[in-house]
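> need coordinates for the following:
(4 chains, ligands or ions: 2)
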Amino acid sequence: MKMAMRQRQGVTILQPKGKITIGAGDVALRDAVHEALDAGAKNILINLRETTTMDSSGIGELVSAYTTVTNRGGKLRLLHLPPKVQDILQITQLVTVFDVYDDEDEAIGSFD
Amino acid sequence: MKMAMRQRQGVTILQPKGKITIGAGDVALRDAVHEALDAGAKNILINLRETTTMDSSGIGELVSAYTTVTNRGGKLRLLHLPPKVQDILQITQLVTVFDVYDDEDEAIGSFD
Amino acid sequence: MATLTPRVELAIGSRFENIDLVQVVVKVSLQQLRLDDDTSHWIGMAVREAVANAIKHGNRQDPDKKVEVTFGIVDGDVLIEVRDEGSGFDPAGLPDPLEPANLLKPGGRGIFFMRKFMDGIDYDFRPEGGTVVRLRKRLETSAPGETQEDGSK
Amino acid sequence: MATLTPRVELAIGSRFENIDLVQVVVKVSLQQLRLDDDTSHWIGMAVREAVANAIKHGNRQDPDKKVEVTFGIVDGDVLIEVRDEGSGFDPAGLPDPLEPANLLKPGGRGIFFMRKFMDGIDYDFRPEGGTVVRLRKRLETSAPGETQEDGSK
Ligand SMILES: Nc1ncnc2c1ncn2[C@@H]1O[C@H](COP(=O)(O)OP(=O)(O)O)[C@@H](O)[C@H]1O
Ligand SMILES: Nc1ncnc2c1ncn2[C@@H]1O[C@H](COP(=O)(O)OP(=O)(O)O)[C@@H](O)[C@H]1O
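Residues are numbered from 1 along each chain as shown, chains lettered A, B, ... in the order given. Ligands and ions are numbered 1, 2, ... in the order given. Just a heads-up that it's a prediction; the model follows:
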């Protein structure tokens, strides 16, 4: 998994590319979120467009990231869910937890 | 493996797509050559551009096709060898047997 | 579950990287059965979870301990067995990841995924040690997405 | 050849379609070693030939007979073993496919390819029946293309 990180209007946008799965992408996701928080980020948007596979460990990291960011008074939101990731959030009922966007401008605006 | 067959200036051009390997493409290649011969073809050009893998059975079928066509007074030539197929013809010294072309017009012209 | 006529058997060392190897074998094996991509995807995901558990909880990532995967067809069902060398656990006592109290827990969704993605899953603990999980998928089933949505109320 | 520390073991029924399965396992296993694509391609081709022979000549395409493939690393060499349940043959008595008299023969290039693509190949015939072919590739070798060209004068 490769992770891209950029800033836009005070929001840190993370874009993982590849698998978010046990032993590989899960750790990379955690590291990136912690790096962003250490750099002072409050609001994080994770663009999942290029996430090809997410297993239960990947979902676990997403949930951990969510609680960590929220506990620090920030917000974590999701952008561009691929259909299979959407399916997985549905069956785990995590759609009720995450705010999900299909449009980057709208997602960025939502943090105001 | 998928086989395309067309005619140009009295030459039958076969274009196998995919693997020419034991149990699959090798049989398809043999069938196509026999079909062409039964339809009256004398000169056959095999375009290997889309051949992804060729094993010893595939090479065997190519040699069989060559001898069958030649024994009937026709000619069998090759067009667009991918580098790995080229390597295989090199190590088997079959480059000395087959006439190989990189340009379809030139290949077609060679049959005159 | 009756005898499994193995089509393919695979054994790997207990390293997470090897999960991809198992998944690719499952994928190519299912291609031979001409299963549609979606069905094949969800079966592959269930197998990932089973192998991840075997590596992590069963063999505790000891690379010298093996995970064995057997892939076969019995009575029109795809059957996949995943065996480890661990000391087992009690599958009856697992928390439900959909309970509000568990919704934000980082773990505990692997076996839940296997149940959602497959038509049957059962555990067997061998007297000589080692856990076997058997995953079953009916081939006549329609899209797996439907099964999941039905099941997740 | 010393003990083989298996990284991956795979067993398949004797059907030609399963050759793709073996090749994909070899490919993914070699990717983990970060071998370059070319080296990996030629090793995969050698394994195809070994498995094709095991299916065709060894097990005579009896789908109930198994071909077992073991993939491992020993002393920096990639070692791949392919075992069948056949009755063996005499590897010493094989015609040279480069002899002018053999150049246009349809068969007889499989073992020749294995020799060209690998750094070592040897046969073992088990007393209880079955042929084992061991293929070895040194990892420090440069491009396999070079080896081939050197070899084919
Ligand atoms: N193969 C196994 N061997 C031993 N324990 C296991 C095995 N598979 C699952 N478990 C136990 O069941 C629990 C739940 O597994 P699972 O639903 O996959 O979630 P997670 O792996 O995130 O904990 C694990 O935490 C572990 O205690
Ligand atoms: N695993 C095997 N079991 C029995 N005989 C074999 C095996 N592998 C090779 N042979 C014998 O060696 C011969 C040469 O094999 P090979 O070089 O691969 O060419 P081909 O398969 O085209 O004949 C085969 O024809 C067969 O008689």
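> going forward, measure contacts between C-alpha atoms and count neighbours the same way
Will do.
> and C:Val69, what does it touch?
C:Glu9, C:Leu10, C:Ala11, C:Val22, C:Ile80, C:Glu81, C:Val82, C:Arg83 (C-alpha atoms under 8 Å, 6 or more residues apart in numbering or on different chains).
> so for residue 103, what's the pLDDT?
Let's take chain A. For A:Asp103, the model assigns a pLDDT of 98.
> that's the wrong chain, I meant chain C
97.
> which residues touch it?
Taking C-alpha under 8 Å, 6+ apart, we find C:Leu103 in contact with A:Thr92, A:Gln93, A:Leu94, C:Pro97.
> could these go into a markdown table alongside neighbour count?
Converted to a markdown table, the contacts of C:Leu103 look like this (neighbours: other C-alpha atoms under 10 Å in any protein chain shown):
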| residue | neighbour count |
| --- | --- |
| A:Thr92 | 19 |
| A:Gln93 | 18 |
| A:Leu94 | 17 |
| C:Pro97 | 20 |
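> and the contacts of C:Val69, which is closest to ligand 2?
Ligand 2 has its nearest neighbour among these in C:Glu9, at 19.9 Å by C-alpha to the nearest ligand atom.
> the closest one contacts D:Val8, correct?
No: contact criterion C-alpha atoms under 8 Å: C:Glu9 and D:Val8 do not qualify, at 10.4 Å.
> tell me which of these two has more neighbours.
The residue with more neighbours, out of C:Glu9 and D:Val8, is D:Val8; 22 against 19, by other C-alpha atoms under 10 Å in any protein chain shown.
> ok, longest helix in the chain?
If you meant another chain, say so; for now it's chain A. Across chain A, the longest stretch assigned as helix under DSSP state H is helix A:56-71.
> should've been chain C
For chain C, the helix reaching the highest residue count under DSSP H is reported as helix C:37-53.
> what angle sits between that one and helix A:56-71?
Angle, helix C:37-53 to helix A:56-71, by axes from the mean of the first three to the mean of the last three C-alpha atoms, to 10 degrees: 80 degrees.
> show me what the residue most central in space within chain A is bridged to.
For chain A, A:Ile46 is the residue whose C-alpha lies nearest the centre (C-alpha atoms, centre = their mean; 3.3 Å). For A:Ile46, the beta-bridge partners under DSSP bridges are A:Leu14, A:Leu78.
> spit out the contact partners of it.
A:Ile46 neighbours (C-alpha under 8 Å, 6+ apart): A:Ile13, A:Leu14, A:Gln15, A:Pro16, A:Leu76, A:Arg77, A:Leu78, A:Leu79.
> do that again at 10 Å, thanks
A:5, A:12-16, A:29, A:33, A:62, A:76-81, A:100 (C-alpha atoms under 10 Å, 6 or more residues apart in numbering or on different chains).
> with C:Arg126 instead?
So C:Arg126 contacts C:Arg83, C:Glu85, C:Gly86, C:Ser87, C:Gly88, C:Val132 (C-alpha under 10 Å, 6+ apart).
> tell me the spacing between the second one and chain B.
Counting by C-alpha to the nearest C-alpha, to the nearest Å, the separation of C:Glu85 from chain B is 38 Å.
> kindly report the same for the first one.
According to C-alpha to the nearest C-alpha, C:Arg83 stands 33 Å off from chain B.
> run through the bridge partners of that residue.
Beta-bridge partners, per DSSP bridges, of C:Arg83: C:Glu68, C:Val132.
> what is the burial count for it?
Neighbours around C:Arg83, by other C-alpha under 10 Å: 26.
> same check on C:Leu21?
22.
> what's the pLDDT at it?
Value for C:Leu21, per-residue pLDDT: 93.
> repeat that for the one 5 residues further on.
According to the model's per-residue confidence, C:Val26 sits at a pLDDT of 93.
> now do C:Leu30
Reported pLDDT for C:Leu30: 89.
> thought it was touching C:Ile43?
Yes: counting by C-alpha atoms under 10 Å, C:Ile43 is a contact partner of C:Leu30 at 9.1 Å.
> between the two, which contacts overlap?
C:Asp37, C:Val78.
> which one's more surrounded, those two?
Counted by other C-alpha under 10 Å, C:Leu30 and C:Ile43 do not tie: C:Ile43 has more neighbours, with 25 against 20.
> now do the same contact list for that one.
Contact analysis of C:Ile43 by C-alpha under 10 Å, 6+ apart lists C:23, C:26-27, C:30, C:37, C:78, C:80, C:114, C:117-119, C:135-137, C:144.
> same thing but at 8 Å, please
With C-alpha under 8 Å, 6+ apart, C:Ile43 has these contacts: C:Phe117, C:Met118, C:Lys137.
> for stretch C:122-130, list every residue counted as buried.
C:Tyr123, C:Phe125, C:Gly130 (16 or more other C-alpha atoms under 10 Å in any protein chain shown).
> can you tell me the element the first one falls in?
Under the criterion of DSSP states H and E, C:Tyr123 resides in strand C:120-125.
> tell me the mean pLDDT for that strand?
97.
> mind putting the contacts of C:Leu103 in CSV, distance to C:Lys65 and secondary structure included?
Listed next are these as CSV, based on distance: C-alpha to C-alpha, whole Å; DSSP: H, G, I helix; E, B strand; the rest coil:
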residue, distance to C:Lys65, secondary structure
A:Thr92, 32, coil
A:Gln93, 35, coil
A:Leu94, 35, helix
C:Pro97, 29, coil
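> need the max-distance pair from these.
Using C-alpha to C-alpha, the pair of those lying farthest apart is A:Leu94 and C:Pro97, separated by 10.2 Å.
> does C:Glu9 belong to a helix, a strand or coil?
strand (DSSP: H, G, I helix; E, B strand; the rest coil).
> tell me which residues touch the nearest residue to C:Val69 once chain neighbours are set aside, please.
Leaving aside its sequence neighbours, C:Val69 sits nearest to C:Val82 (C-alpha to C-alpha, 6 or more residues apart in numbering or on different chains; 4.6 Å). Going by C-alpha under 8 Å, 6+ apart, C:Val82 touches C:Ala50, C:Val51, C:Ala54, C:Val67, C:Glu68, C:Val69, C:Thr70, C:Val132, C:Val133, C:Arg134.
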